[in-house]
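>>> let me see the structure of the following:
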Amino acid sequence: MTEFKKNILVVQAHPDDAEAWCAGTLALLKEAGFKISIVTMTAGGLGGMNGDEEETTRIRKEEAHNAAALLEADYYCLDQRDGFVFDNAEVRIRLVDIIRKTEAGIVITHLLNDYHTDHRATGTICDAAAMISSLPNVPSKEKPLPITPLLYHSAPMSLSDPLGFPIAAPHFYVDISSTIDKKLEMLGCHESQKLLMKHMHKIDDFFGEMRKFSRELGEKSGVEYAECFWQHLGGGFQKDPFIQETLKDYIRMENRK
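Sure, this is the predicted structure:
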């Protein structure tokens, strides 16, 4: 197997996305010796229910920093505006800079058919930035990576596409029963999201819903709690099953009836 650095970069659209979709797995990778970095495209400033955009941006960045600190992870924000995340040359280069600076061996981002438009744009930007992160002619201020990082995708809520149709089954599940408390502790840093989730999605218990979703994924894979992932196995990326090999004792496949 090709050797990749044990540095993992999670690129998501909003503060709390990394915690919602992959924090339990990140905690396991942390225990396995990985260095973790988290990037959000936006600070979620338009999602404030009790403050203006500037104040909400300050609060949500602080919450994201606090959550990342629980894994001793670095946190970066690309300062795009939530609801207005667009693919463009500038943001691709800024993300290439971070991929190179963190010397990422693995990158995790949203699926390209996620339900949320910001998630889809983030996935597209990240796919492009990761693919060119080893190329010397890319106008980045950071040194090119020696090899293109492996690319994985995290789950969309409810495992459905924008029209509500079921998406392809995950490539694998990760048993996070031993790290569910850490995941919920990280989610708990995003206190400001409780009001937003109630307003936008009529969710009265945001953190409870995240625990429920992890339990539903666990039921699909025969464990108490789980997260699920897809690896980018198309052209442009290496296909080494690095996460699967590293966490082999925690990897599960979907139960088939």
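
>>> next, Ile8: phi, psi?
As for Ile8, its main-chain torsions (degrees, to the nearest 10) stand at phi -120, psi 130.

>>> how about the helices in this protein?
Assigned helices in the chain, in chain order: 17-31, 53-69, 89-101, 117-131, 180-187, 193-201, 206-221, 242-246 (criterion: DSSP state H).

>>> of these, which stretch is the most buried?
A comparison of those by mean neighbour count, using mean count of other C-beta atoms under 10 Å, puts helix 17-31 on top with a mean of 25. Heads up, the C-betas are built off the backbone N, CA and C, glycines and all.

>>> pull out the CA atoms of that helix and give them to me as CSV.
Listed next in CSV are the C-alpha coordinates belonging to helix 17-31 (Å, rounded to 0.1, in the frame of the first residue of the first chain):
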residue,chain,number,x,y,z
ASP,A,17,-20.9,19.6,10.2
ALA,A,18,-17.7,17.8,11.0
GLU,A,19,-19.1,16.9,14.5
ALA,A,20,-22.4,15.8,13.1
TRP,A,21,-21.1,13.5,10.4
CYS,A,22,-17.7,12.2,11.4
ALA,A,23,-16.5,13.2,14.9
GLY,A,24,-16.8,9.7,16.3
THR,A,25,-14.5,8.4,13.6
LEU,A,26,-12.1,11.3,14.1
ALA,A,27,-11.8,10.4,17.8
LEU,A,28,-10.9,6.9,16.8
LEU,A,29,-8.3,8.1,14.3
LYS,A,30,-6.9,10.5,17.0
GLU,A,31,-6.4,7.4,19.2
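
>>> quick one: residues contacting Thr25.
Thr25 makes contacts with 174, 176, 179, 227, 229, 243, 247, as judged by C-beta atoms under 8 Å, 6 or more residues apart in numbering.

>>> correct me if wrong: Asp74 contacts Ile38.
Yes. The pair Asp74 / Ile38 is scored as a contact, 7.2 Å apart, by C-beta atoms under 8 Å.

>>> mutual contacts of those two, please.
When contacts are counted by C-beta under 8 Å, 6+ apart, Asp74 and Ile38 have Ala68 as shared neighbours.

>>> the two: which is more packed in?
Taking neighbours as other C-beta atoms under 10 Å, Asp74 and Ile38 compare with Ile38 leading, 29 against 17.

>>> residues contacting that one?
Going by C-beta under 8 Å, 6+ apart, Ile38 touches 9-10, 12, 18, 64, 68, 73-76.

>>> closest one to Thr117 out of those, please.
Nearest to Thr117 among the contacts of Ile38: Gln12, at 13.8 Å, using C-beta to C-beta.

>>> do you know how far the closest one is from Val39?
In this view, Gln12 and Val39 are 7 Å apart by C-beta to C-beta, to the nearest Å.

>>> pLDDT score assigned to Lys202?
What the model reports for Lys202 is a pLDDT of 86.
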